[in-house]
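any chance you can model this:
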Amino acid sequence: MPPEEHSTSTGFAHLRRPLEGTDDQGVAAFLAGHHDHAQDLLGAHPCALGDTPGVRFATWAPHAGAVSVVGSFNAWDHNQAPLRRRGESGIWEGFVPGVGPGARYRFLILPAPATHNGDPARPWGVSTMRLVRPDPYARQFHAPGSATAVATGASTFVWGDGEWMQARGGRDWRASPIAIYEVDLGPWAAAAAGGQASYRDLAPPVVARAKALGFTHVELMPVCEHDPLTQTRYAAGGLFAPTSRFGTADDFRFFVDHCHRQGLGVLVDWPAAHLAADAPGLAAFDGQSLYEPPKAIPDGEALLPFDLSRGPVRSFLLSSALYWLRELHVDGLRLPAMASMLYLDHAQPEGHWTPNKYGGNENLDAIAFLRELAESVAARAAGTLLTAEESSAWPQVTRPPWVGGLGFGLRWNLGWINDTLEYLRQDPVYRHYHHDLLTLSPLNAFQESYVLPLSHDEMGESKGPILARLPGDYWQRLANVRLLYTYLWTHPGKKLLFMGGELGFPTAWHPDRPVDWALDSSPAHAGVAALVRDLNHLYRESPALHRLEATQRGFEWVDRHDAPQSIIAYLRRERDDVLVVALNFTPVPRERYRIGVPLPGPYREVLNSDSAYYGGSNLGNLGDLRAEDVPWMGRPYSVSIVLPPLAGVILKPVSRTGPPA
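Numbering: from 1, shown residues only. The predicted model follows:
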């Protein structure tokens, strides 16, 4: 029996029986916060009512007195397509016949109490309090920064990454090399002919560069459509919509598919910690605080936290995460600014936050949500990664929920990069006073599963280019960059480098300014890129550098006490695969520098950041070095090497005659 209808003069149908996808069980899960595909419940869905094609619209606005759909199909007239409230759920829904994919629309919300003025067919009356709102569940927006969404049908994209996706579920990424090339697509598009390019245009050059440099993954800075009328890409807006700046969702699928076919994983920044306070988006969505806490004050960037005590907000975020991982085939999400989720008082003045039931400032609802998110991702998108950018001292971010952790896969090691750059900023004459900035890092390196991020955060115009922040003449500054990279790629932890870093970061990053790829023709800068490529290949091919990155068993100090000469040396190992790393942080070459080694016999220099091939002075250790029976630095054997200025060398035993000592 067909559903009963009540139609307006435009043929709009108020449904007395819910359409497919809006069953009571699904609504209950949505309200409880456990719905993991709420985009099928809410948003705009082309469908048919009997033999009549149209679009079912639905949104969550519990404080609204009336909700209407306005769009290109009804001349943006709010009287033409009012939605019907579904009981006490706060969901407003309805079917518009004759509308199809491509229709542009918005929600128009009249906050409660609605002014009916005695005319039930025209509930809007003469009220001027009308809120224009975008669809939080939209899959596409009409234009960048627009509040106008586009109704989309089922994807027509044909995936070709079946082999990648099949292997993804069984991949042990903890014991695998992960080297991430962080990419902002804006500068790539700006460099294209005409200053515009689509995901399809950008996929080949981005993939070609990342592959040539030996990276395993690309990580895209936020490609979610951000809140209308704001340029804050780290504020949630279109959390189901790849930004229209570079095309449609199917164009984005092409980008991911191309990466997978070429053997590259795809990670995406997922800005689910904030929403924008200064734009007609999620903030005060139905006239009252809904997605955000009631008394929250925007932080310095006009960002508000999500109210994770509300079930529908949790369903919204959980569904978004799994949408990117399952339907768009993304291999991992990075959640930035997690401190704003974990702490009730983060960026909040006194009196605008309420302690939890134990009297503390920990956000218990956020903790529960993040654990549920991690468990849901592990169960429903096996083989994908959740990465946390968490800058506070919150413990066990990457430990399982059943031992008290949050369950994330990786955590950015912001302390490591801050300490390392602070050390390198010092003139080499004074570095010995700051030696502990190098030697303390392994004490914390194994508390979590870390990524070492040399990210866009270090390249913005506020801080300036890294190359300009380092001491010495131009050659010495580039040598410091090469030394930094040698340290990063041999230190325990996954690797991340922002695009342009392979050229030494000579200029600051700007989201609308192309990277100066012409520096590829400069031998000095091309040498840095060659070093990055060789470090990536060594990292990928050496079990000692990646199998035990998150455990103490993969790292041993050889010497951390040579502060007077600003030198450190350590081992990376995995069973009988051993590498010896020695780093000289001064411009003084050290001839016949003796270091302890674990095995007798010959050693080979497998990488030297001072090689002329990388733009260095070409001091090094030609041929095989032979370990002597001279105990040194607590090792039974030692080898005398040349340690070049502002450089690192990596040695490898040529043959193994027994277990490493």
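
where does the prediction get shaky in the stretch 101-250 of the chain?
Applying pLDDT under 70 to the stretch 101-250 of the chain picks out residues 114-128, 227-233.

would you map the helices across it?
Applying DSSP state H, counting those that start in this stretch to the stretch 101-250 of the chain gives helices spanning 162-168, 185-191, 199-212, 249-261.

for G464, which of those is the nearest?
G464 sits nearest to helix 185-191 of all those, at 17.2 Å, using CB to CB. C-betas here are computed from N, CA, C, even on glycine.

quick one: list the elements packing against the closest one.
helix 199-212 (3 or more CB pairs under 8 Å, 6 or more residues apart in numbering; DSSP states H and E).

quick one, the helix it packs on and helix 249-261 angle?
Counting by axes from the mean of the first three to the mean of the last three CA atoms, to 10 degrees, helix 199-212 lies at 20 degrees to helix 249-261.

buried residues in helix 199-212?
199-203, 206-207, 209-211 (16 or more other CB atoms under 10 Å).

tell me which residues of the helix or strand where L421 lies come out buried.
Element membership for L421 (DSSP states H and E) is helix 414-425. Within helix 414-425, the residues scored as buried using 16+ other CB under 10 Å are 414, 416-417, 419-421, 423-424.

got it, and stretch 519-526?
Under 16+ other CB under 10 Å, the buried positions of stretch 519-526 are 519, 524-526.

not counting it itself, show me its contacts.
For stretch 519-526, the external contacting residues (CB atoms under 8 Å, 6 or more residues apart in numbering) are 474-475, 478, 503-504, 506, 529, 615.

residues touching the nearest residue to G500 once chain neighbours are set aside, list them.
Spatial nearest neighbour of G500, excluding adjacent residues (CB to CB, 6 or more residues apart in numbering): V515 at 4.4 Å. By CB under 8 Å, 6+ apart, the residues touching V515 are 187-188, 191, 499-500, 503, 509.

again, only using 10 Å
184, 187-188, 190-191, 209, 498-503, 507, 509 (CB atoms under 10 Å, 6 or more residues apart in numbering).

compile those residues into CSV and extend it with columns for distance to A151.
Below are the contacts of V515 laid out as CSV (distance: CB to CB, whole Å):
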residue, distance to A151
D184, 29
P187, 32
W188, 29
A190, 30
A191, 33
R209, 36
F498, 36
M499, 35
G500, 39
G501, 41
E502, 42
L503, 43
T507, 42
W509, 36
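
re the thing from before, out of the helices of the stretch 101-250 of the chain, which gets nearest to H37?
The nearest among the helices of the stretch 101-250 of the chain, by CB to CB, is helix 249-261 at 15.6 Å.

for that closest one, packing partners?
If you count contacts as 3 or more CB pairs under 10 Å, 6 or more residues apart in numbering; DSSP states H and E, helix 249-261 packs onto helix 162-168, helix 199-212, strand 217-220, strand 238-242, strand 265-269.

how about CSV for those, with distance to R104 added?
Formatted as CSV, these follow (distance: least, CB to CB, whole Å):
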stretch, distance to R104
helix 162-168, 33
helix 199-212, 21
strand 217-220, 26
strand 238-242, 14
strand 265-269, 26
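
out of those, which gets nearest to L607?
So among the helices and strands packed on helix 249-261, helix 199-212 is nearest, using CB to CB, at 18.2 Å.

now that closest one, how far from the centre of its chain.
Distance of helix 199-212 from the chain centroid (CA atoms, centre = their mean, to the nearest Å) equals 18 Å.

after the lengthiest helix in the chain comes which helix or strand?
Among the segments of the chain that qualify as a helix by DSSP state H, the longest is helix 523-541. Later in the chain than helix 523-541, the nearest helix or strand by DSSP H and E is helix 543-546.

and whichever helix or strand comes after that next one, which strands flank it?
Per DSSP H and E, the first helix or strand lying C-terminal to helix 543-546 is strand 555-559. Strand 555-559 has its sheet partners listed here by DSSP bridges as strand 567-574 (antiparallel).

sorry, back to before: most neighbours among the contacts of stretch 519-526, which one?
Among the contacts of stretch 519-526, G504 has the most neighbours (other CB atoms under 10 Å), with 30 neighbours.

and the helices of the stretch 101-250 of the chain as a markdown table, adding distance to T243?
Output for the helices of the stretch 101-250 of the chain, formatted as a markdown table (distance: least, CB to CB, whole Å):
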| stretch | distance to T243 |
| --- | --- |
| helix 162-168 | 24 |
| helix 185-191 | 9 |
| helix 199-212 | 10 |
| helix 249-261 | 9 |
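
which one of the ones you listed lies closest to S542?
So among those, helix 199-212 is nearest, using CB to CB, at 19.3 Å.

helices or strands up against that closest one?
By 3+ CB pairs under 10 Å, 6+ apart, helix 199-212 packs against strand 179-183, helix 185-191, strand 217-220, helix 249-261, helix 523-541.

do you know which of these lies nearest S449?
Taking the helices and strands packed on helix 199-212 one by one with CB to CB, strand 179-183 is closest: 13.9 Å.

returning to that earlier point: state the distance from the residue nearest to G500 to P222.
V515 is 18 Å from P222, where distance means CB to CB, to the nearest Å.

tell me which helix or strand of the protein sits lowest on mean pLDDT?
When the helices and strands of the chain are compared on mean pLDDT, DSSP states H and E, strand 5-7 comes out lowest with a mean of 35.

residues near the residue nearest to L646 when sequence neighbours are not counted, how many?
Among residues not flanking L646 along the chain, A479 sits closest, at 3.8 Å (CB to CB, 6+ apart). Residues lying near A479 (other CB under 10 Å) number 26.

may I see the buried residues of the strand or helix carrying A479?
Counting by DSSP H and E, the element that carries A479 is helix 474-490. For helix 474-490, the neighbour count (16+ other CB under 10 Å) marks 477-490 as buried.

any idea what V132 is bridged to?
Bridge pairing for V132 - DSSP bridges - gives L108.

quick check: it touching L110?
No. Applying CB atoms under 10 Å, one finds V132 not in contact with L110, separated by 11.3 Å.

now list whatever residues contact both of these two.
Both V132 and L110 are contacted by H78, under the criterion CB under 10 Å, 6+ apart.

before we move on, the earlier item: taking the buried residues of stretch 519-526 together, which two end up most distant?
L519 and A524 (8.6 Å).

could you give the mean pLDDT of stretch 80-90?
Across stretch 80-90, pLDDT averages out at 94.

and it, how far apart are its ends?
This stretch, stretch 80-90, spans 21 Å end to end (CA to CA, to the nearest Å).

list the buried residues for that stretch?
For stretch 80-90, burial by neighbour count (16+ other CB under 10 Å) applies to 80-86, 89-90.

off-centre distance for it?
Using CA atoms, centre = their mean, the offset of stretch 80-90 from its chain centre is 36 Å.

give me the phi and psi for the nearest residue to D299 once chain neighbours are set aside.
Nearest non-adjacent residue to D299, counting by CB to CB, 6+ apart: A347, 3.5 Å away. Note on A347: backbone dihedrals following degrees, to the nearest 10 are phi 60, psi 20.

of the contacts of V515, which is the nearest to P442?
G501 (23.5 Å).

got the contact list for the residue lying closest to that closest one once chain neighbours are set aside?
Of all residues not flanking G501 in the chain, L454 sits nearest, at 5.9 Å (CB to CB, 6+ apart). Counting by CB under 10 Å, 6+ apart, L454 makes contact with 182, 417, 420-421, 466, 481, 484-485, 488, 495-498, 501, 505.

swap in Q447?
Shown in contact with Q447 (CB under 10 Å, 6+ apart): 395-399, 411, 413, 550.

now it: which helix or strand?
Q447 belongs to no helix or strand, assigned by DSSP H and E.

distance of it from Y423?
Distance from Q447 to Y423, by CB to CB: 21 Å.

and of the buried residues of stretch 519-526, the nearest to V27?
Nearest to V27, judged by CB to CB, of these is L519 at 56.1 Å.
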